[in-house]
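K.L.:
what's the 3D shape of this:
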Amino acid sequence: MDTKFYLATEGNDDQAYLSALRFACKLASSDTDINRIVLYIASKDNTGWFERLFDSQTVKQLFQGVQFNDCPALVKFETRITYEKYKYGRSNDIVMCCGMDSNELLKIDDYSSVKYIIAIPWLRKYNEKWIRTWNAVNILEGNNSNELEQYPEPSCIVKKAMESLTISINISTGITHPSDNERAKTFIRALHKYEPELNPDIIGAYLVRVLNWETKHAKKIEKLIETLNEGRYFQGGQKTGLQNYYNHWKKECE
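P.N.:
Sure, this is the predicted structure:
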């Protein structure tokens, strides 16, 4: 089953929030592992959408959790700060992300407590990267055939380079170790020098979706690519012998 959903809406669309909550309750009914539906908001002051759907007393109670009669899971507010303590918990939450951008959504992707995400954008353009990374399903339409297309896979050579990087570093820490960081920078230098184009979003999506990188680690690779694409430089990584790496990946693709 797809675990990433969104609503093709934006702005103060109260009906969208109601539709998302109903969808979440239906999802919880079909998955007995689900214990909670988390209404993920930026801060305790960001409850306006729900104040227009429920009475003020219910909104206050949502910070402790409310069990609605027609929903099998507890519904509860969590903020960026309060939800941090659940990030390593069991995967049993449906998280409705209220007005979050792609960076926030991709961060939540890394939480082990999250089983399903339903994104409700404030401005849809700020969710496009997350939607295209996961080919998220538009629940208002029931499918995503007329929405944003999933990022394509990178070229074979780029895939071979990223696969080689993945098996040669500590994937749990990404490129934080000096030797892993040096290798990553060398690979990015080689690709940037010899590949016709390097799209950081496409490569980042491939790392996350296919090679199972955590988003926070994939973003560091994206940042290296963006730096070179913008004509800037970074310290580290080999500057000679780069064609040898490239030719090796190219040969693997033949």
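K.L.:
for the stretch 51-200 of the chain, what spans make up the strands?
P.N.:
For the stretch 51-200 of the chain, the strands defined by DSSP state E, counting those that start in this stretch cover 74-79, 93-98, 114-120, 137-138.
K.L.:
after the strand or helix carrying Thr227 comes which helix or strand?
P.N.:
If you go by DSSP states H and E, Thr227 is part of helix 215-229. Counting by DSSP H and E, the element after helix 215-229 in chain order, helix or strand, is helix 242-253.
K.L.:
by mean pLDDT, flag the weakest helix or strand of this structure.
P.N.:
Least confident helix or strand, the chain: helix 48-51 with a mean of 86, by mean pLDDT, DSSP states H and E.
K.L.:
pull out the buried positions in that helix.
P.N.:
Of the residues in helix 48-51, 49-50 count as buried by neighbour count, 16 or more other C-beta atoms under 10 Å. C-betas here are computed from N, CA, C, even on glycine.
K.L.:
what's that helix packed up against?
P.N.:
Packing partners of helix 48-51 (3 or more C-beta pairs under 8 Å, 6 or more residues apart in numbering; DSSP states H and E): helix 14-30.
K.L.:
mind saving the C-alpha coords of the least confident helix or strand of the chain as PDB?
P.N.:
C-alpha atoms of helix 48-51 as PDB (Å, rounded to 0.1, in the frame of the first residue of the first chain):
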ATOM      1  CA  GLY A  48      -6.700  27.700  13.200                       C
ATOM      2  CA  TRP A  49      -7.700  25.100  10.700                       C
ATOM      3  CA  PHE A  50      -9.200  22.900  13.400                       C
ATOM      4  CA  GLU A  51     -10.800  25.700  15.400                       C
END
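K.L.:
so what does the helix holding Thr227 touch, helix or strand wise?
P.N.:
helix 102-109, helix 178-194, helix 200-209.
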